[in-house]
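1. Sequence below, structure please.
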Amino acid sequence: MINRTSTIYHGTDIVEQITRDVNWEELRSVRDDELKATDHHALSDRTMSDEMNSYRVMLRDLPSDFEGDNANDACDHWNDNPRPEE
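-> Here you go, the predicted model:
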């Protein structure tokens, strides 16, 4: 997942919070890496949990669920739905 928010501190005080934009190329690349990292759950000799199955479906559906210039929305949605524990 991609963290779009950075916090700048001066000592313990927050000076600024920056939210950056992501593009589809970056998001797809990180998403593809995450799908590869969870592929072992989909092997024929394993039983994938419902949570992991839902997570992988969510990842595969990001481009179609957030079409056009909505890569930031897709990224935020992914951050709201982290990888389930294995």
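
2. residue boundaries of the helices in the chain?
-> 24-37, 50-65, 71-80 (DSSP state H).

3. Give the stretch among these with the greatest mean number of neighbours.
-> Comparing those by mean neighbour count (mean count of other Cβ atoms under 10 Å), helix 71-80 comes out on top with a mean of 18. Backbone N, C-alpha and C define where each C-beta goes, glycine included.

4. now that helix against helix 24-37, angle please.
-> Interaxial angle, helix 71-80 versus helix 24-37 (axes from the mean of the first three to the mean of the last three Cα atoms, to 10 degrees): 30 degrees.

5. Just want the angle from helix 71-80 to helix 50-65.
-> Using the same axes, to 10 degrees, helix 71-80 lies at 170 degrees relative to helix 50-65.

6. ok so, going back, could the helices of the chain go into a markdown table alongside mean pLDDT?
-> What follows is the helices of the chain, written out as a markdown table (pLDDT from 0 to 100):
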| stretch | mean pLDDT |
| --- | --- |
| helix 24-37 | 96 |
| helix 50-65 | 95 |
| helix 71-80 | 95 |
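
7. now for these, which one comes closest to His10?
-> Closest to His10 of these is helix 71-80 (Cβ to Cβ; 26.0 Å).

8. quick one: Arg46 from Arg56, how far?
-> 13 Å (Cβ to Cβ, to the nearest Å).

9. ah, wrong one, I meant Ser64
-> From Ser64 over to Arg56 (counting by Cβ to Cβ), the distance is 14 Å.

10. hang on, the earlier thing: looking at the helices of the chain, which is nearest to Asn3?
-> helix 71-80 (7.3 Å).

11. Number of residues surrounding Arg83?
-> For Arg83, the neighbour count with other Cβ atoms under 10 Å is 15.
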